[in-house]
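Novice: need the 3D shape of this:
(2 chains)
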Amino acid sequence: MADPLKQFAVKPVIPIEFGTLNLSLTNSSLWMLVCVFVAVLIMLGMARRRALVPCRTQNVPEIFYEFIHAMVKDTLGHHGRTYMPLVFSLFMIVLIGNILGMIPFGFTITSHIVVTGALSMLVIGVVTVMGFVNHGLKFLRLFAPKGLPLPIYIIIIPVEIVSYMSRPFTLALRLAANMTAGHTMLKVFAIFSIQAGVLAGLGPMLFNAAMVSFEILVAVLQAYIFTILTCMYLKDAVELH
Amino acid sequence: MDVEMIKLLAAAIALIPLFGVGLGLGKLFSSFIETVGRNPGAKQDIFQVGMIGAAMTEAIGIFALAVALILIFVA
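Specialist: The predicted model follows:
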């Protein structure tokens, strides 16, 4: 019987190898290119006319943009305009990657910790660099909140440092684990309905149909959570607490 | 019992925190729904805070998953 984890295997589509260096175009990078293509199609193609009164196709990119703009404005204040391109690109690539993974025979790029880890390390890198650029060494005050009794600092500083260092891991693992778990479950139930035959297989199949819609909800929700946490972390770089 | 079996058992035990995570998420969303039911106007603000809370609660589950995966594949 088919392995439900087989869908996450990275296979070369166009093998390119220089000696020991493997630069093949894999199905993962192919689907990343598809994601970029879809994002460009939505953001540039559908907003091509740039009318003051948007037509139906222009509404789609505007909904995305206004959604993220409101989120950035709420969390980062008016300093947030600097980080808008970063947050918006992250949201679009994670959302489109998650949604395109729902296409049958597709590949979910965000189910790999390599991909989400790169994204989350980018976020934490920006937070750390911009924190030091904006505040200088005062940024280290992030690990020592003001107005606590002195003995508490012995405990709170290591806890804050560990919580800061675990951020890229949780950010990456949350997205990857949610995507992997959902897709594995879909395939497990698909295997059930094949094994059960035509009549009894209808039960798992109907359940699977419901699960697909739930997975689309999870895909959108995880993209939202990734973006809102990015905003929360960037808030440390913009204003110290 | 050989080492592989004990590793798998340890990985299963490492997932016990999911009990608490499930309880926490259930509590979080039940109070979220209750609050929105009482005050539907504040849904947008509460949704944002609720999602951050859900993400923080889920982090515990992710730590448990990481420990389990380390036990299976690394240790």
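
Novice: average pLDDT for the host helix or strand of residue A:155?
Specialist: Element membership for residue A:155, per DSSP states H and E: helix A:150-195. In this model, helix A:150-195 has a mean pLDDT of 88.

Novice: do it and chain B meet at all?
Specialist: Yes - for helix A:150-195, a contact with chain B is found by Cβ under 8 Å from any Cβ of the partner chain, at A:166, A:169, A:170, A:173, A:174, A:177. Yep, even glycine has a C-beta here, placed from its N, CA and C like the rest.

Novice: so what's residue 9 scoring on pLDDT?
Specialist: Picked chain A for this. For residue A:9, the pLDDT comes out at 84.

Novice: sorry, I should have been clearer: chain B.
Specialist: Predicted confidence (pLDDT) for residue B:9: 92.

Novice: could you do the one 10 residues further on as well?
Specialist: In the prediction, the pLDDT value recorded for residue B:19 is 94.

Novice: cool, and residue A:241?
Specialist: pLDDT, residue A:241: 63.

Novice: ok so, going back, dump the residues of helix A:150-195 next to chain B into TSV; add distance to residue A:138 as well.
Specialist: Listed next are the residues of helix A:150-195 next to chain B as TSV, based on distance: Cβ to Cβ, whole Å:
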residue	distance to residue A:138
A:166	23
A:169	26
A:170	26
A:173	31
A:174	30
A:177	35
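
Novice: quick one: contacts of stretch A:140-153?
Specialist: Stretch A:140-153 is contacted from outside by A:131, A:135, A:156, A:157, A:160, A:161, A:164, A:236, A:240, A:241, using Cβ atoms under 8 Å, 6 or more residues apart in numbering or on different chains.

Novice: tell me the residues of chain B that contact chain A?
Specialist: So chain B meets chain A at B:48, B:51, B:52, B:54, B:55, B:58, B:59, B:62, B:63, B:65, B:66 (Cβ under 8 Å from any Cβ).

Novice: give the buried subset of these as a PyMOL selection command.
Specialist: Selection of the buried residues among the residues of chain B next to chain A in PyMOL, burial being defined by 16 or more other Cβ atoms under 10 Å in any protein chain shown:
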select buried, chain B and resi 48+51+52+54+55+58+59+62+63+65+66
